[in-house]
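Colleague: no sequence on this one, just coordinates:
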């Protein structure tokens, strides 16, 4: 039956995340490669608002379980970026060397 899935109605949800510009750059990467990968692997439609504002809106649209998967992938990218910045290498945001705890 059209409009139905195994788990019930085929409903698309939209979730918006208000993110700091530096966080957005973590999930976009070069030429949008990270967002494209997240879209491809999760199946979610992801749109990031344009502009150089301090805050940008990231919109996820998909079935609930797909949004959860895409959101988890975005959080993983943010954690990966934080770990990279503070892993004992030179900190990208403040130019100080930071030693691991």
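Modeller: Yes, it's here. Keep in mind the model is a prediction, meaning the values are calculated, not measured.
Colleague: work out which residue lies at the spatial centre of the chain.
Modeller: residue 74 (3.0 Å; CA atoms, centre = their mean).
Colleague: you'd agree residue 17 is up against residue 60?
Modeller: Yes: the criterion here is CB atoms under 8 Å, and residue 17 meets it with residue 60 at 7.4 Å. Just so you know, the C-beta spots here come from the backbone N, C-alpha and C atoms, and that holds for glycine as well.
Colleague: neighbour-wise, which of those two wins?
Modeller: With neighbours defined as other CB atoms under 10 Å, residue 17 and residue 60 compare such that residue 60 has more, 23 against 15.
Colleague: hang on, that one packs against residue 72?
Modeller: No: with contact defined as CB under 8 Å, residue 60 does not count as touching residue 72 (11.1 Å).
Colleague: how far out from the middle of the chain is stretch 42-60?
Modeller: Computed by CA atoms, centre = their mean, to the nearest Å, the chain-centroid distance of stretch 42-60 equals 8 Å.
Colleague: that stretch: which residues count as buried?
Modeller: 42, 44, 46, 48, 56, 58, 60 (16 or more other CB atoms under 10 Å).
Colleague: endpoints of it, how far apart?
Modeller: Stretch 42-60 has an end-to-end distance of 11 Å (CA to CA, to the nearest Å).
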